[in-house]
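1. model the structure of this input:
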Amino acid sequence: MTGDQSGITDAESPELVKEYSFAYTQHDPINITSDTEFIAQAALEGWSGNGSSANPFLIDGYNITHKGYKIRIVNVAAHFRISNCYLTTNSSGMLLDSYDDGICLINVSHASVVGNEMVNNENCGIYVESSFIDGYGNILLENYRGIILDNVSGVHNLYYNDVLNSTDISVWMLNCNNFLFRQHYVSSPTGLGMLIQNSYDCSISSIFDNCSVEIHDSANCNVGGEFVNGSGLVIEGCTLISVSGLSAIGPSDYGILVSRSTQISISQSTIESAGIAGIGGIDSSSCNYSSNIITDCRNGILLSNETSSLIAHNYIYNQTEYGIQINSGSGNFVYANLVGSYGYGYIFDEGTNNCWDDGLLLGNFMVGIEDGEYEIPGSAGSVDRFARSIDPSALYDPIACTDPLLRIINENEALLGWVLWRTHSPWSYAYEPYINGYYVASDRGFDHSENWVGSWSIVIDISHLPPGCHTYSLSIWGWSYWYYWEAQLSSFSFYYPSFYHSQDEDSDDMFDEWEVAYGLDPRIDDRYFDPDSDDLSNIDEMFIGTDPLNRDSDFDLTPDGWEVLYGFSPVHYDSHEDPDSDLLSNLGEYLHGTDPWDDDSDSDLIIDGWEVLYFLNPLNSSDANQDFDSDTLLNIYEFHLGTDPNSQDSDSDSIPDAWEVAHGFDPANATVTLHEFMSYNSPFINTAYLTLMAVAGVMLIIDRKWKDFQEYHGWER
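-> Prediction:
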């Protein structure tokens, strides 16, 4: 194995670490709760290192069998490394600590965990809370839970670990931020492979064998990797989750299920043999399901109560029911999909107002149908106006491709377009367009992405062509395959300088055939009309290349005029991008009226995405100085502190945020030290003490008076 970007060398690679045979030394459990204790125990044990980054303390080669903590390190800032240890429970003993963990790290700044085996621990193999950890080459076998990451933030190097046969959850990520979990092997026939909750800006890419992954109430996360042997991915209550390059083979229900979520992107993924559907969308909106390969499932894509989502450029073949099925939902856009299902049918719609073509040229492509309008089965009464048949032999090649389409832009330029799907193996390709045998592009186009699929177009120069009949062709090369088309174009399709203006009957600078093609009237001057209310006039639409009757020509849910206003392409799907890095996509910026190039539209020193997330107004600077949760911390301070402006106790540690800030504690850290506890509760403790002393004093006085009374009356005691 070669080194990767994390800096691991061949000599340190996880594979080599696992090959070593260690002679373990029996050792008692290790419990360290401060740097001072660490220094003292290192001296006592003879551990190497001094706790610096260059020379960390080394805990190495131990066999610790114990029912409780094996190695527990808390509140330590020193650098240390735990390596080559065998940590297992004493199954016959009594639980001697709070939890039966292999390695427990809480509030630790610099931990490295390498080449250890955690076996059969009754709580967790590795537990990490509010700490920094890197580690690789560890084996976690048959623990109740494999790895728990709680409130872990920052870019960590945790990778190349095997988490096997966990009883409950193999990996549990809770309240994490900006965490990378990559290149692990996770297998759990009886439990959940991975559970991610309330986490942000995390990246997941590993192999999940015979187990599933669930993501709940999280945002801005990326997911990839391989899911095999009955596993799948569930996304619930999330926003802005991107799934790309994922492979799911044999999931029992869904390959990927999206539930109660918004702005989820699933692209360039491969799903095979799913029991219900390759991709399922339930009660979700504004999602993007594009450029995926879905084969041999019950349904390819199955939507219920889905709204305003895009389903495009997918290769869907050999499903036993439908290729694409919409049971309910509205406003979805479905086009440029290759559907080769032979079950109940190709596509099915029982929703409302779903659009099954791009409104101009592209519908869906199916094997064995007639070109033209295709009435879609189901109660919706939908029609694909540009449905096209595709040769079934294309389904077995690395590339499936449509015949090229030509659209005239003006008298000098034409738009040449086509649709490609990657059907099997990864590939790269090049294209070469010709007219009358002459090359007509400034350079050859190459794409080296192994998962490239979708619509492709180039602008070609036709100004040199004389009137008459012409031949254009497009050659596309992928691997060792050549695809070649030819089509005859009549002269009326071109607009030449010699007679261009004579074909503008109403002298509105828009040529007649363009107006007719788009349903405008070539007899009246309608250049400044805006029939689709996208803030672009008809003549603007002609020169930009957009559809004057469709306010969203690229179907990315942002209007053409808004995209032009802010410098985006209205014919390119880019609503998921975030050029100002304010945690709001272009679509989010449009919906909230913010500036996609300014991360702080109201200049109140709080980024737009944070304001939207916590229900502030990103266009009103006055709310920066408000205090929504009445904790005496203004919203602007909550933003910079990383606390929740709608909660007086952001970290749920029962100590108010304002008190923690005023006394120098972290209001976003749920770990409460003894010092913090005593400081916060000292007024109550002092009051209780004074009250007790007062009561004791009164009791002494009463007792003294009673004794005096007895003596006065001569009573015996």
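2. what's across from the residue positioned nearest the centre of the chain in the sheet?
-> In the chain, the residue lying closest to the centroid (CA atoms, centre = their mean) is residue 241, at 2.5 Å. Beta-bridge partners recorded for residue 241 (DSSP bridges): residue 221.
3. I'd like the numbering to begin with 18 instead of 1 from here.
-> Okay, using 18 as the starting number, the last item reads as residue 258.
4. so it touches residue 250, yeah?
-> No: using CB atoms under 8 Å, residue 258 is not in contact with residue 250, being 9.6 Å away. Yep, even glycine has a C-beta here, placed from its N, CA and C like the rest.
5. so what sits against both of these two?
-> Listed contacts common to residue 258 and residue 250 are 232, 240; contacts here mean CB atoms under 8 Å, 6 or more residues apart in numbering.
6. so which residues of the stretch 18-167 of the chain form helices?
-> 31-36, 52-62 (DSSP state H, counting those that start in this stretch).
7. which of the ones you listed has the lowest average pLDDT?
-> Averaged per stretch, pLDDT over those is lowest on helix 31-36, reaching a mean of 37.
8. what about the stretch 318-467 of the chain, any weak spots by pLDDT?
-> Applying pLDDT under 70 to the stretch 318-467 of the chain picks out residues 358-360, 377-378, 411-416, 420-428, 432-434, 439-467.
9. again, only this time at 80
-> Low-confidence segments of the stretch 318-467 of the chain (pLDDT under 80): 358-362, 375-379, 385, 407-467.
10. tell me how far residue 269 lies from residue 292.
-> To residue 292, residue 269 is 5 Å away according to CB to CB, to the nearest Å.
11. is residue 548 in contact with residue 565, as I believe?
-> Yes: with contact defined as CB under 8 Å, residue 548 reaches residue 565; the gap is 6.1 Å.
12. intersection of neighbour lists for these two?
-> Common neighbours of residue 548 and residue 565 (CB under 8 Å, 6+ apart) are 537, 555.
13. which of these two has more neighbours?
-> residue 565 (27 against 16; other CB atoms under 10 Å).
14. what's the local residue count around residue 667?
-> So residue 667, with other CB under 10 Å, has 24 neighbours.
15. okay, and the beta partners of residue 251?
-> Beta-bridge partners, per DSSP bridges, of residue 251: residue 231, residue 274.
16. residues in contact with it?
-> With contacts defined as CB under 8 Å, 6+ apart, the neighbours of residue 251 are 229, 230, 231, 232, 271, 274, 276.
17. model confidence for it, exactly?
-> pLDDT recorded at residue 251 is 95.
18. ok, it to residue 131 distance?
-> In terms of CB to CB, residue 251 sits 32 Å off from residue 131.
19. so how far is residue 479 from residue 431?
-> From residue 431 to residue 479 the distance is 5 Å (CB to CB).
20. what do you get for residue 210?
-> According to CB to CB, residue 210 stands 55 Å off from residue 479.
21. so if I had to pick from these two, which one is more boxed in?
-> Neighbour count, other CB under 10 Å: between residue 210 and residue 479, residue 210 has more, with 27 against 23.
22. quick one: distance of the helix or strand hosting that one to the chain centre.
-> Assigned by DSSP states H and E, residue 210 belongs to strand 209-214. On the basis of CA atoms, centre = their mean, to the nearest Å, strand 209-214 sits 14 Å off its chain's mean C-alpha point.
23. and stretch 237-244, by the same measure?
-> Mean-position distance between stretch 237-244 and its chain equals 7 Å (CA atoms, centre = their mean).
24. which parts of it are buried?
-> 237, 238, 239, 240, 241, 242, 243, 244 (16 or more other CB atoms under 10 Å).
25. render the CA-only coordinates of the helix or strand harbouring residue 272 in CSV, please.
-> Using DSSP H and E, residue 272 sits within strand 271-276. The C-alpha atoms that make up strand 271-276 are tabulated as CSV, following Å, rounded to 0.1, in the frame of the first residue of the first chain:
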residue,chain,number,x,y,z
TYR,A,271,-34.3,0.5,-0.6
GLY,A,272,-30.8,1.2,-2.0
ILE,A,273,-31.2,4.8,-0.8
LEU,A,274,-34.3,6.1,1.0
VAL,A,275,-34.9,9.8,1.4
SER,A,276,-37.6,10.7,4.0
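26. now it, how far from the chain's geometric center?
-> The answer for strand 271-276 is 13 Å, by CA atoms, centre = their mean.
27. how about it: buried residues?
-> Across strand 271-276, burial judged by 16+ other CB under 10 Å covers 271, 272, 273, 274, 275, 276.
28. biggest separation within those residues, which pair?
-> 272 and 276 (14.0 Å; CB to CB).
29. what sits up against stretch 301-308?
-> 275-285, 296, 298, 318, 322-331, 468, 470-471, 574, 590, 593, 604.
30. buried subset of the residues you listed?
-> 275-276, 278-285, 296, 298, 318, 322-331, 468, 470-471, 574, 590, 593, 604.
31. got a list of what residue 114 touches?
-> For residue 114, the contact set (CB under 8 Å, 6+ apart) comprises 46, 85, 86, 89.
32. mind checking how far it is from residue 124?
-> Relative to residue 124, residue 114 is positioned 17 Å away (criterion: CB to CB).
33. ok, now residue 55?
-> In terms of CB to CB, residue 55 sits 13 Å off from residue 124.
34. and the two? Which one has more around it.
-> residue 55 (23 against 17).
35. how about that one, nearest residue that isn't a chain neighbour?
-> Nearest residue to residue 55 in three dimensions, chain neighbours excluded: residue 49, at 5.0 Å (CB to CB, 6 or more residues apart in numbering).
36. what does the pLDDT read for that neighbour?
-> In this model, residue 49 is scored at 96, pLDDT.
37. please apply the same query to residue 504.
-> Predicted confidence (pLDDT) for residue 504: 54.
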